[in-house]
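**Q** Got a sequence here, can you model it:
(4 chains)
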2 protein chains.
Amino acid sequence: MVRTPKPISARSTIAHVAERAGVSTATVSRVLNGNYPVSKEARAKVAQAIDEIDFVQNAQAKALVQAKTGIVGVVMADVSDPFYSEMIGSIQNVCGANGKLLVICSTQGHSDVELSYLQVLRSQRVDAVIVLGGGSDDDQVQASLARQAAALAREGCRLVLCGRPAPDAGRDTLAVEVDNVDAARQATRHLMAFGHREILFLGGPRGSTTSRDRLAGFRFAFDEAGWASEQCTVDAGDFSRQAGYDLAKKHVLGGTRFTAILAASDFMAIGAIRALLSMGLRIPDDLSLIGIDDIPSASDMVPRLSTVRLPLSEMGRLAAGLALGLDRTAPLRPLGVSLVPGLTVGPLPASGEALIGRIAG
Amino acid sequence: MVRTPKPISARSTIAHVAERAGVSTATVSRVLNGNYPVSKEARAKVAQAIDEIDFVQNAQAKALVQAKTGIVGVVMADVSDPFYSEMIGSIQNVCGANGKLLVICSTQGHSDVELSYLQVLRSQRVDAVIVLGGGSDDDQVQASLARQAAALAREGCRLVLCGRPAPDAGRDTLAVEVDNVDAARQATRHLMAFGHREILFLGGPRGSTTSRDRLAGFRFAFDEAGWASEQCTVDAGDFSRQAGYDLAKKHVLGGTRFTAILAASDFMAIGAIRALLSMGLRIPDDLSLIGIDDIPSASDMVPRLSTVRLPLSEMGRLAAGLALGLDRTAPLRPLGVSLVPGLTVGPLPASGEALIGRIAG
DNA sequence: CTGAAAGCGCTAACAA
DNA sequence: TTGTTAGCGCTTTCAG
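**A** Model prediction:
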């Protein structure tokens, strides 16, 4: 076989360094990894050679022989959504401090993309995979996910779910869960405490575990109060600002009967606020509103957005700890959430009436 | 040499697939890459074998022989800062659409960390590196950066700077620049148009190119107006909410004389707003305020934050296009910015006086 | 303490 | 169309 002879030029390889330093490649490798005894002189010669040709190791070759890459994969819907970027921020902190690199993959909420990214990360032989945020409720997707999880585990890659329930089957998967049910329950109770009973629920995408749990919490609060939640309107968005804006507008103009809104995400709440203000409504005088998540923007709002705080950074930190094997066991119970009162929830309007007709009429 | 014999068990390799399908590894490789003719039967047998053992290629081994990884590295200060996450969002979109993976590295604004990440990415043999945001002004850092850039180029890796001026020397580096000078100039002029002349400038970290350019734009606007900017107070933060909060508080309480604030980032503007409101000041009645960046939160603020829009998504998209080689040449001139008026800038207070003493007194 | 050499899993000539 | 085989750059026995 006549392959082109290796260019004597500026190739950056251990062999090149070895030649230059007058030692073997094994010695160079040992200097580089510092886990074997090497004489001072050899060390010095190698160091000099490395510096002269500005050598850096080929991580691929190293990973190939060591069967680990020092890379952690993160799969989530959208990096530019603070719900995720807050978690990613703390994950990056942990990973950076431990010399791990982070590969991020955005699915835009598509579970098929999520699945295919899992496969890509598998092929990259990442040391661990963290999946952020809610997942699909669909049985078939769950099954595919379980299959990927099993493959990952078989190949020695840790899988950590964060903000999504752990699958029933198997201990292949660690999970950092958060109490989405309680989050919505607390938000609802807060509205109820101010006398609200006709609440418009703006949910997340149908089929997502987070949406499901938050809606369940909403209904649960009604059950607890002994009231029927059926008379409340429930609609679905996609957790985005735009969805909040559109849905709020639609329901106000459509004459839906409600005195308060529970938005399943702060983003939707913020979008809704904008819609309501643009229609001349005052918050919380005319209408109360509460979100869930407590993203940083929530506290930038004036008046401060009432919401329920999810420990996003902590979730990320815990997930990263599990992924890196710093922590061995996942939290036994979902992480707790806490009400952040804010100023967007108030008593019923003086008239004591729902909004219906006020605008649309 | 007596190495442990390869475990016949569930190893996921091409050789394993080949054996199972009764073909050679070369054939499997050809099926996988689809760039060489393979008979229908062979293809089918291989496909089945792959499916049976749930095989995925080892990207490391592939990268080793092909000398490219399909990975793009991104270096920036902080993922959870929307200034960056907006850009990353659009970079991820381009990369995802082109089958590239994204490795993200957070420097927290430390240029030494930036340098070392560059080295790490070099060792990962990433296909391209994108550096987001302003860089250090320091000559020594610049020199090290140039050296890394040269090494990267030598190794066939594209380096793209985004939001930072291209280094004078060499065409090793592509850059997507944005007109930071004009951004601050426009913001300043907007304040001036409302009669403000005593402006508190809250800058970014000293030694960053972005800080430098924005301050230059501020001074330039004064020069244009034929006024002396020296009488204005200039302070430095780190672009964060907290810095904005702290600085605003400090200067109000310290009795600094000003009728308006120009914050070098929306984050600082938002932090400043919070501080001002907490001290009972009204915006823009008592004090005007403008930011720079137009991050999404700016339009969530009520009243809407006056700011200058940087085309963050477009910057990311362009940078990604260059990094992937979709575009060949960088924009000739810095990308333009545009004033977004908002409602946080108003005329001078009725008294026509600067704030001094109103609070502190 | 050091060097020689056997692979890690894959691709790409080359030969068949 | 297919198989054989030589590496890609590195680590790691094993034998000095």
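
**Q** just for the stretch 1-150 of chain A, where's the confidence low?
**A** A:1-10 (pLDDT under 70).

**Q** now do 80
**A** A:1-11 (pLDDT under 80).

**Q** Point out the residues in it that sit beside DNA strand C.
**A** A:1-3, A:22-27, A:30, A:36-39, A:41-42, A:61, A:64-65, A:67 (Cβ under 7 Å from any atom of the strand). From N, CA and C alone the C-beta is placed, and that goes for glycine too.

**Q** Now do the contacts for the most centrally placed residue in chain A.
**A** For chain A, the residue nearest the mean C-alpha position is A:L132 (3.3 Å; Cα atoms, centre = their mean). Contact analysis of A:L132 by Cβ atoms under 8 Å, 6 or more residues apart in numbering or on different chains lists A:74-77, A:84, A:87-88, A:162-163, A:316, A:319.

**Q** Dump these into JSON lines; add neighbour count as well.
**A** Formatted as JSON lines, the contacts of A:L132 follow (neighbours: other Cβ atoms under 10 Å in any protein chain shown):
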{"residue": "A:V74", "neighbour count": "31"}
{"residue": "A:V75", "neighbour count": "23"}
{"residue": "A:M76", "neighbour count": "26"}
{"residue": "A:A77", "neighbour count": "21"}
{"residue": "A:Y84", "neighbour count": "27"}
{"residue": "A:M87", "neighbour count": "31"}
{"residue": "A:I88", "neighbour count": "27"}
{"residue": "A:C162", "neighbour count": "28"}
{"residue": "A:G163", "neighbour count": "27"}
{"residue": "A:G316", "neighbour count": "28"}
{"residue": "A:A319", "neighbour count": "29"}
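
**Q** I'd like those residues as CSV, with distance to B:A272 and secondary structure appended.
**A** Formatted as CSV, the contacts of A:L132 follow (distance: Cβ to Cβ, whole Å; DSSP: H, G, I helix; E, B strand; the rest coil):
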residue, distance to B:A272, secondary structure
A:V74, 33, strand
A:V75, 37, strand
A:M76, 31, strand
A:A77, 32, coil
A:Y84, 27, helix
A:M87, 27, helix
A:I88, 27, helix
A:C162, 34, strand
A:G163, 33, coil
A:G316, 28, helix
A:A319, 34, helix
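
**Q** how about those in TSV, adding distance to B:P167?
**A** Listed next are the contacts of A:L132 as TSV, based on distance: Cβ to Cβ, whole Å:
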residue	distance to B:P167
A:V74	32
A:V75	35
A:M76	34
A:A77	36
A:Y84	33
A:M87	35
A:I88	30
A:C162	40
A:G163	42
A:G316	35
A:A319	38
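
**Q** what subset of those residues is also close to chain B?
**A** A:I88 (Cβ under 8 Å from any Cβ of the partner chain).

**Q** Nearest to chain B among the contacts of A:L132?
**A** A:I88 (5.1 Å; Cβ to the nearest Cβ).

**Q** There's contact between that closest one and B:S80 in this structure, I believe.
**A** Yes: using Cβ atoms under 8 Å, A:I88 is in contact with B:S80, at 6.8 Å.

**Q** What is the neighbour count of the residue of the stretch 101-250 of chain A found nearest DNA strand D?
**A** With Cβ to the nearest atom of the strand, the shortest gap between the stretch 101-250 of chain A and DNA strand D falls at A:R125, namely 13.1 Å. A count of nearby residues for A:R125, using other Cβ atoms under 10 Å in any protein chain shown, gives 22.

**Q** residue contacts, it?
**A** A:63, A:67-69, A:155, A:157, B:58-60.

**Q** Check A:S80 too.
**A** B:82, B:85-86, B:88-89.

**Q** next one: A:K68
**A** Contacts of A:K68 (Cβ under 8 Å, 6+ apart): A:125, A:127, A:156.

**Q** and what of A:G135?
**A** Counting by Cβ under 8 Å, 6+ apart, A:G135 touches A:111, A:114, A:141-142, A:145, A:161, A:164, A:208-209.

**Q** how does it look with 10 Å?
**A** A:G135 makes contact with A:75, A:111, A:114, A:141-142, A:145, A:161, A:163-165, A:167, A:207-210, according to Cβ atoms under 10 Å, 6 or more residues apart in numbering or on different chains.

**Q** Now a PyMOL select for only the buried ones of the residues of the stretch 1-150 of chain A next to DNA strand C.
**A** Filtering these down to the buried ones (16 or more other Cβ atoms under 10 Å in any protein chain shown) takes a single PyMOL command:
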select buried, chain A and resi 23+27+30+38+42+61+64
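
**Q** Looking at the residues of the stretch 1-150 of chain A next to DNA strand C, which are in helices?
**A** A:25-27, A:30, A:41-42, A:61, A:64-65 (DSSP state H).

**Q** Identify the residue nearest A:V337 in space, chain neighbours excluded?
**A** A:A183 (4.4 Å; Cβ to Cβ, 6 or more residues apart in numbering or on different chains).

**Q** Surely that neighbour is in contact with A:L310?
**A** Yes: with contact defined as Cβ atoms under 10 Å, A:A183 reaches A:L310; the gap is 6.6 Å.

**Q** list residues touching both of those two?
**A** With Cβ under 10 Å, 6+ apart as the test, A:A183 and A:L310 both reach A:292-294, A:336-338.

**Q** Mind jotting down where the helices sit in chain A?
**A** Using DSSP H, helices in chain A cover A:14-21, A:25-33, A:40-53, A:59-66, A:82-97, A:111-123, A:139-154, A:180-193, A:209-225, A:241-253, A:266-278, A:296-300, A:312-324.

**Q** re the thing from before, bridged to the residue nearest to the centre of chain A, which residues?
**A** Legend: beta-bridge partners of A:L132 under DSSP bridges are A:C162.

**Q** That one and chain B, how far apart?
**A** 12 Å (Cβ to the nearest Cβ, to the nearest Å).

**Q** A:A146 too?
**A** For A:A146, the distance to chain B - Cβ to the nearest Cβ - is 12 Å.

**Q** residue contacts, the residue lying closest to A:S12 once chain neighbours are set aside?
**A** Leaving out its chain neighbours, the residue that sits closest to A:S12 by Cβ to Cβ, 6+ apart is A:F55, at 5.0 Å. By Cβ under 10 Å, 6+ apart, the contact list for A:F55 reads A:10-14, A:16-17, A:20, A:28, A:32, A:46, A:49, B:123, B:151.

**Q** Nice, that's everything, thank you.
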